[in-house]
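>>> just coords:
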């Protein structure tokens, strides 16, 4: 332990930062989340959140992580406080379509008959997917973090190197601010 006795300092209180911090705290580590703004004011709070693979490569590790995330969200749908629920819906296309990346992992997937499609649509698939109310989910994650002994502190960090000695490990989950904090133009969220 260095400095404050923290095992891990997580920078960023959006969904990735809070999820990371919860997993670490629930595994027994001493964790603090440091953020420039409270979770309800992060980009994550304004995000539309339905599970799916979007702009990712279907590498083995990505598929495995995606399946694990899907299964976790399905389980969380049983906890009303989580803000996660399962919804049934249709994805339709005006042109002949193939399944969107990752859709094949969703429960109840089936190709729609032409008669089931809205007028003017050529193809469609019906499936059940986790839908997340992000403000509720961020509160849920914050409560889990605190229940596991973790802390959340609103105190902006100006540079990564300014925070690197505050814990044994530093995790950068700042998303859009990652480039600015690292000072590295090659970094992108």
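Ah, there it is. Since this is a predicted model, take the numbers as computed values, not measurements.

>>> which positions in stretch 41-52 come out as buried?
Neighbour-count burial for stretch 41-52 flags 42, 44, 45, 49, 51, 52 (criterion: 16 or more other C-beta atoms under 10 Å). Yep, even glycine has a C-beta here, placed from its N, CA and C like the rest.

>>> er, stretch 121-130 actually
For stretch 121-130, a neighbour-count test (16+ other C-beta under 10 Å) marks 121, 123, 124, 125, 126, 127, 129, 130 as buried.

>>> cool, and stretch 73-80?
In stretch 73-80, counting by 16+ other C-beta under 10 Å, buried: 73, 74, 76, 77.

>>> just these: which are in helices?
Residues of these located in helices (DSSP state H): 73, 74, 76.

>>> if we can go back for a sec, columns pLDDT, distance to residue 32 and secondary structure on top of the buried residues of stretch 41-52, output as a markdown table?
Below are the buried residues of stretch 41-52 laid out as a markdown table (pLDDT from 0 to 100; distance: C-beta to C-beta, whole Å; DSSP: H, G, I helix; E, B strand; the rest coil):
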| residue | pLDDT | distance to residue 32 | secondary structure |
| --- | --- | --- | --- |
| 42 | 95 | 16 | coil |
| 44 | 94 | 18 | helix |
| 45 | 94 | 20 | helix |
| 49 | 84 | 25 | coil |
| 51 | 86 | 29 | coil |
| 52 | 77 | 32 | coil |
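
>>> out of those residues, which comes closest to residue 95?
Of all the buried residues of stretch 41-52, residue 52 has the smallest distance to residue 95: 19.5 Å, by C-beta to C-beta.

>>> that closest one contacts residue 129, correct?
Yes: at 6.9 Å, residue 52 counts as touching residue 129 under the criterion of C-beta atoms under 8 Å.

>>> what is the helix-or-strand element of the chain with minimal mean pLDDT packed up against?
The helix or strand of the chain with the poorest confidence is helix 160-163; it has a mean of 84 (mean pLDDT, DSSP states H and E). Judged by 3 or more C-beta pairs under 8 Å, 6 or more residues apart in numbering; DSSP states H and E, helix 160-163 is in contact with strand 6-11, strand 167-172.

>>> got the buried residues for the following helix or strand past the first one?
Spelled out, that is strand 6-11. Scanning forward in sequence from strand 6-11 by DSSP states H and E, the next helix or strand is helix 15-26. Residues 15, 16, 17, 18, 19, 20, 21, 22, 24, 25 are the ones in helix 15-26 that count as buried (16+ other C-beta under 10 Å).

>>> which residue of the protein sits farthest from its center?
Most distant residue from the mean C-alpha position of the chain: residue 115, 36.0 Å away (C-alpha atoms, centre = their mean).
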